[in-house]
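K.L.:
got a predicted structure plus its sequence, pasted below:
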Amino acid sequence: MSADPWLERWLPLIAEHAKQKPILELGCGPGDDTCPLANAGYDVVALDLSAECVAKVRQKVPSALVFNQDVRAPFPVTSGGTAVVIASLSLHYFEWPETVALIERIRQTLTHPGLFLCRLNSTNDHHYGASGHPLISENYYRVDGEPKRFFDRDAVLKLFASGWRVLSMEEQVTHKYERPKALWEMVLETDDHCAGAGNPD
């Protein structure tokens, strides 16, 4: 594995939104994003389904509050909410209606205008399951026994069509893993008056 400092270029934008509120990280894994956020001085509330990953992050980033839970469980944020949510490759396990509901719950968790940075599996991610596996539904496969969703441009725009303003939308390839991985990198703000996602710049 190699470094993948994707958050670095967004730190100034995160700073504009975060203020004094904690940052919520959904699916923190081994803490690759938790560390730079904590090092930048932010309070981080993170969660992951893997107890092993949670233990690693608690040791690696002692300042973070890290919870062992499913992203579909109630988010561990205070009554004041959060102004920034980060979810890197952690929202692709679910049926489409459940995915849409999860995105809406993230939007409702954010104070306005809130910032959401996420990365989603691309339909071009053939090294990691976007083809050659049993099909559950459109672009949703059973990969090594686990459901895994992949997104094309239309699906990404559909997912964020209501209540979001797209600040950046890019299909990228990360070399963090053993083989190149294709993904969508999204940066969005909440927009209660937005009827649709529109066209990103």
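P.N.:
Looks like it came in fine.

K.L.:
quick check: the gap between L7 and P36.
P.N.:
Per C-beta to C-beta, to the nearest Å, L7 is found 6 Å from P36. For every residue, glycine as well, the C-beta is placed using N, CA and C.

K.L.:
go on, N139?
P.N.:
Taking C-beta to C-beta, one finds N139 at 31 Å from P36.

K.L.:
D125 too?
P.N.:
D125 is 24 Å from P36, by C-beta to C-beta.

K.L.:
who has more neighbours, those two?
P.N.:
Applying other C-beta atoms under 10 Å to D125 and P36 shows that D125 carries more neighbours, namely 24 against 17.

K.L.:
who does T174 bridge with?
P.N.:
K181 (DSSP bridges).

K.L.:
neighbours of it, how many?
P.N.:
Using other C-beta under 10 Å: T174 sits among 17 other residues.

K.L.:
residue contacts, it?
P.N.:
D4, W6, P180, K181, L183 (C-beta atoms under 8 Å, 6 or more residues apart in numbering).

K.L.:
of those residues, which is the most crowded?
P.N.:
Top of these by neighbour count (other C-beta under 10 Å): L183, with 25 neighbours.

K.L.:
host element of the residue nearest the centre of the chain?
P.N.:
Residue closest to the mean C-alpha point of the chain, counted by C-alpha atoms, centre = their mean, is A87 at 1.8 Å. According to DSSP states H and E, A87 maps onto strand 82-88.

K.L.:
partners of that strand, with directions?
P.N.:
strand 23-26 (parallel), strand 110-121 (parallel).

K.L.:
can you put the ones you listed in a markdown table and add mean pLDDT?
P.N.:
Putting the strands paired with strand 82-88 into a markdown table (pLDDT from 0 to 100) gives the following:
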| stretch | mean pLDDT |
| --- | --- |
| strand 23-26 | 97 |
| strand 110-121 | 95 |
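
K.L.:
most packed of these?
P.N.:
Highest mean neighbour count of the strands paired with strand 82-88: strand 23-26, a mean of 25 (counted as mean count of other C-beta atoms under 10 Å).

K.L.:
contacts for that one, please.
P.N.:
Counting by C-beta under 8 Å, 6+ apart, 14, 33-34, 37, 42-47, 71, 75, 77, 82, 84-87, 90-91, 106, 109 sit against strand 23-26.

K.L.:
so of these, which ones are in strands?
P.N.:
Judged by DSSP state E, those include V44, V45, A46, L47, T82, V84, V85, I86, A87 as members of strands.

K.L.:
most neighbours out of those residues, which is it?
P.N.:
In the ones in strands among the contacts of strand 23-26, the most neighbours by other C-beta under 10 Å go to A46, 28 neighbours.
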